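Student: would you be able to build a 3D model of this:
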Amino acid sequence: MISLTLFLLLLASAWSDNSTLPTEYHITIVPEFSDLTFTSETRITIVVQEAVSRLTLNSRGLEIQDPKVYNSAAEEITGVGFTRDTENETIEITFASDLEEDGIYDLVFQASGTINENYDGFYAAKYTKTVSGQKQERTILLANLKYYKARQIFPCFDDLTHLSTYTLTLVRPNDYISVSNTAKTSTADYDTNRSKDVFAPTDPIPPYELSFAVIDFVEEEFDGTTVYSVAKEDTQYVGELSSQVAQKFQELYPVKINKIHQIVVPDNTLVTNVVDNIGLIIYKESAVVYNEIRESVDDKQEIAKLVALSVIKQYQRESFEWWPNYWAKIGTLVSYQYEVLDQLHPTWRLHEQFVTEELLSLLEDDVDGRDISVVLPENQTPDVFTKSQLLKSFSFVRMFSHFPSPADILEDETNAAALSWIENKGYPLVTVTRTFNEVDNNITFVQGNLVLRSLPVNIVFENQEGDSNNFDFVLDRSEIMSNYRDYISSSWFTVNLERLGYYRVNYGTPNWRNLARFLMNSRNDIDTISPLNRAVLIEDAFYFNHMDRLPVTLYLELILYLKRETDFFPIYAFIKTANRIKSLLYLTSSAQTKFMTFATRLVEHLYENIGTSLNSTESHIDTLSRTKILTWMCSFGYAKCQEEMHALLSSGGSTHPDLQELVFCGGMRRGTLENFLFLLDQHMQRGKKRILRSMACTSDTEILRYYITAVVNESAIVHLKEHDRVDVFMAVLEGSDLGVEVALNFAKQYLEQILIKFTQEDIERMFIALSRKLISDPHQQTINAIIECLTDEQKVQYGDLFRTVTNTINNNKKWRSSNIGTIETWLDANEITTVAPGGENTTTTVTANNSTTTSTTTTPSPGGGAADLRISYTLFVVFLLTCIFSSTQI
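Tutor: Numbering: from 1, shown residues only. Reported below is the predicted structural model:
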């Protein structure tokens, strides 16, 4: 049976078609660095499919001389008229006599325009370069034509569906080089100081895929790619990885990736992390440079994901016309990305990371009231697609690939199975219950939604080997009952292995309890249920508890086994759910403290197992898990963690990148203003997001208030890049309970600036995350006050968002009223011997009548004195003066 992936690739190639109206462009561009202008000469070859008397092309901001038109015999057509429509960005060419059907003609244009400095279209950007020890300001020219920007350089049929070949000639200063989508075929003198480079014709591509640059960078050759950068240092990883990805992709599938040109540009010269075109990829330095002394394994992994997807997108050259749905196209490309990286780096366990991190976050966001649609609206360009939409597209492709005829689903725009998903919001909640006796073992599957979808269902019983690549049936009705007589003796079962289907599963109480008992029993091998499926069970148990569909005691019983757990993914799933419970228990100090104590006790064995130092034999996932697990233990008040990390932070010594977030964030739990300013200085030097996140780990309310003002306050001492602003808001919100209050008050006071500065997607992300932390009537009142500050137009624009926010707060309050007492009673009934939050080593023994005896030894919290690190006196004074004279207070 042919694989889905192979089928798609073959089908895409078979459907390629070059019969579009414009077939060839020959373009010469002459830029002038002195005044940032350019001239262009364009020859467009067209095939007239039916007789026409006029042609409409696109142009914006160009001065165009009267065009000339030639027939296939190179004879000039007379009686040609020419008009411009500036408002609609079009030009129209009229003919005294119709152009003949099936005729081939050349349109020739002479144009001139301006090279902008807005980082869009054809633009100039400045950067600082060190030459012979001296810093010089240099200018480079870049072209990013996505989308509808080609018309800014040359008249064209600027349509996403028109595929043509492009032969480009670029003029450049002699001390610069030029790069484009294809290889350079010749270079000649243009004048005394300039040269003319001619590039090979491209494959048929849409206008927005044309790209070029005029740069003064150095180049380094790798197998199948050339990397251009200001300096060769730190770009070796990009070159080697892109070669490996291209080679592995071509080994796995019958595709051909031509040589790729990759440019790594200074951060201030590119708005996004990457602009990927066929044959030419442009990256922002901070997104891809890698040096193991400076970057962490997390950085390395993110670079690999970015580069791999950009390289795999080169496959689009064979498939521009095939894809009927954008979600199917981008979802399939992401599936290739994961498959290739899994082949290159199997120990990274990227698919498991996707399910427990990105897919979980997507499921949290993709609820009623938020429409994460994978349908690209008509006449919309793909740049409007958000990360959530991309991940949901990948989730759909991942799920559909296990249907009986997956290619039919992705190929056919009218396929019923696909439409049941893409035309509806959210995802199904499936309830699975079991009734059995000596003869029958009936399992009932129920879709708990008004809208029915086609769900792939697989089920595994105890003592049965599970295979997530196979499924038992498609659930396309509201309810199905199946009899599994062969597994009557099995005490438990699981459904939707590795969350292959885009849905959650709830079980009856007996099955949840049997799963918990099995995992808790030391005689059982917990790997009978894979780490990823254990993680899914933990996530779903909490979710259904929060939805009031599962008693909280079943969640607590399930996680008791974590004392035995050593795999990262179930622990990470627990961390995510424990954070939510901690937030829900805010303002209830007794219950919150008990739960934090209980939670840290469950996993405190990992503190010693993982350790707080690196070793040469540990795996990639071991290094990742150390940061995430131990940083969480510090946040949950694990005294040993806080003390050790604060001592390391206050020593002022260098910290390995893979330990920075643990040391910096953990240390800031007991940190001082001096510690905060030290981290600020580190961020100014390194610009890493992990340092920004760590700065939000402070327990000092005033520092948090000051820090969050940098999200909107351009004059704040903490200078944030645009793409860091939302991350800082989220870091303050997630950092502590204090951060919730600070973030809420900030949102209220600076609402006007937030609405101006951020996109609707960012605003939704901020307020949805905030709502999950809000649990009281005063919190709701503050949200109501925010809503009242909106204009009538804004109330319509953000109506769905704030209805979701209000519903989430109400659900949180309902959860508190139903669960706080139950949690306290359950925790009191279980023996806990632990290190309690707040620095007290506590042993609590619970007797039969639930009375307790407690012995406590308190360790003084480090801070102050000679142990604290020393920072610049000037920086300290600047911070104080800024605080004192700030005109705004949260």
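
Student: how much space is there between the residue most central in space within the chain and Lys773?
Tutor: Averaging the C-alpha coordinates of the chain gives a centre point, and the residue nearest to it by CA atoms, centre = their mean is Lys387 (5.2 Å). When distance is defined by CB to CB, to the nearest Å, Lys387 is 22 Å away from Lys773. Every residue, glycine included, has its C-beta placed from N, CA and C.

Student: helix or strand for Lys576, which one?
Tutor: For Lys576, the host element (DSSP states H and E) is helix 568-584.

Student: which strands and helices lie in contact with that helix?
Tutor: Contact here means 3 or more CB pairs under 8 Å, 6 or more residues apart in numbering; DSSP states H and E; on that basis helix 568-584 packs against helix 531-546, helix 552-559, helix 589-603, helix 620-635, helix 737-749, helix 799-828.

Student: make it 6 Å
Tutor: Helix 568-584 makes packing contacts with helix 531-546, helix 620-635 when contacts are defined by 3 or more CB pairs under 6 Å, 6 or more residues apart in numbering; DSSP states H and E.

Student: worst average pLDDT in these?
Tutor: For the helices and strands packed on helix 568-584, the weakest mean pLDDT is recorded on helix 620-635, namely a mean of 93.

Student: what's that one in contact with?
Tutor: Residues from elsewhere that reach helix 620-635 (CB atoms under 6 Å, 6 or more residues apart in numbering): 297, 347-349, 568, 571, 575, 600, 606, 610, 641-642, 645, 658, 661-662, 665-666, 669.

Student: domain ranges for this structure, per the record?
Tutor: Taking automatic domain parsing as the domain assignment, the ranges for the chain are 217-322, 323-422, 832-859.

Student: what bits of the stretch 201-350 of the chain have low per-residue confidence?
Tutor: 317-324 (pLDDT under 70).

Student: go again with 90.
Tutor: 231-234, 254-256, 292-293, 315-326, 328-329 (pLDDT under 90).

Student: low pLDDT regions in the stretch 751-890 of the chain?
Tutor: Per-residue confidence of the stretch 751-890 of the chain (counting by pLDDT under 90) places the weak regions at 761, 830-890.

Student: got the residue ranges for the strands in it?
Tutor: Using DSSP state E, counting those that start in this stretch, the strands of the stretch 751-890 of the chain run over residues 832-836, 840-846, 852-858.

Student: before we move on, what about the stretch 51-200 of the chain?
Tutor: 52-58, 63-64, 68-71, 80-85, 90-99, 104-114, 121-131, 134-144, 165-173, 177-180, 184-189, 194-199.

Student: so what strands line up beside the last one?
Tutor: Counting by DSSP bridges, the strands paired with strand 194-199 are strand 165-173 (antiparallel), strand 184-189 (antiparallel).

Student: tabulate the strands of the stretch 51-200 of the chain (TSV), appending mean pLDDT and mean neighbour count.
Tutor: Compiled in TSV, the strands of the stretch 51-200 of the chain are given as follows (pLDDT from 0 to 100; neighbours: other CB atoms under 10 Å):
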stretch	mean pLDDT	mean neighbour count
strand 52-58	93	17
strand 63-64	96	16
strand 68-71	96	16
strand 80-85	94	13
strand 90-99	94	16
strand 104-114	97	18
strand 121-131	92	16
strand 134-144	94	17
strand 165-173	98	21
strand 177-180	98	24
strand 184-189	98	12
strand 194-199	98	18
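
Student: which one of the ones you listed lies nearest to Lys813?
Tutor: strand 134-144 (47.6 Å; CB to CB).

Student: what is the neighbour count of Met730?
Tutor: For Met730, the tally of surrounding residues (other CB atoms under 10 Å) stands at 20.

Student: residues contacting it?
Tutor: The neighbours of Met730, taking CB under 6 Å, 6+ apart as the test, come to nothing; the list is empty.

Student: let's go with 10 Å and repeat that
Tutor: Leu692, Arg693, Ala696, Val711, Gly739, Ala743, Arg765, Met766, Ala769, Leu770 (CB atoms under 10 Å, 6 or more residues apart in numbering).

Student: which of the three states applies to it?
Tutor: Using DSSP: H, G, I helix; E, B strand; the rest coil as the criterion, the local structure at Met730 reads helix.

Student: what about it, distance to Ser522?
Tutor: As for Met730, its distance to Ser522 is 39 Å (criterion: CB to CB).

Student: ok, now Cys789?
Tutor: In this view, Cys789 and Ser522 are 57 Å apart by CB to CB.

Student: those two: which has the busier surroundings?
Tutor: Set side by side, Cys789 and Ser522 show more neighbours around Cys789, with 12 against 8, by other CB under 10 Å.

Student: touching, the more buried one and Phe802? I think so.
Tutor: No - with the criterion set as CB atoms under 10 Å, Cys789 and Phe802 do not qualify as a contacting pair; they are 11.4 Å apart.

Student: what sits in contact with each of these two?
Tutor: Overlap between the contact sets of Cys789 and Phe802, as judged by CB under 10 Å, 6+ apart, is given by Lys795.
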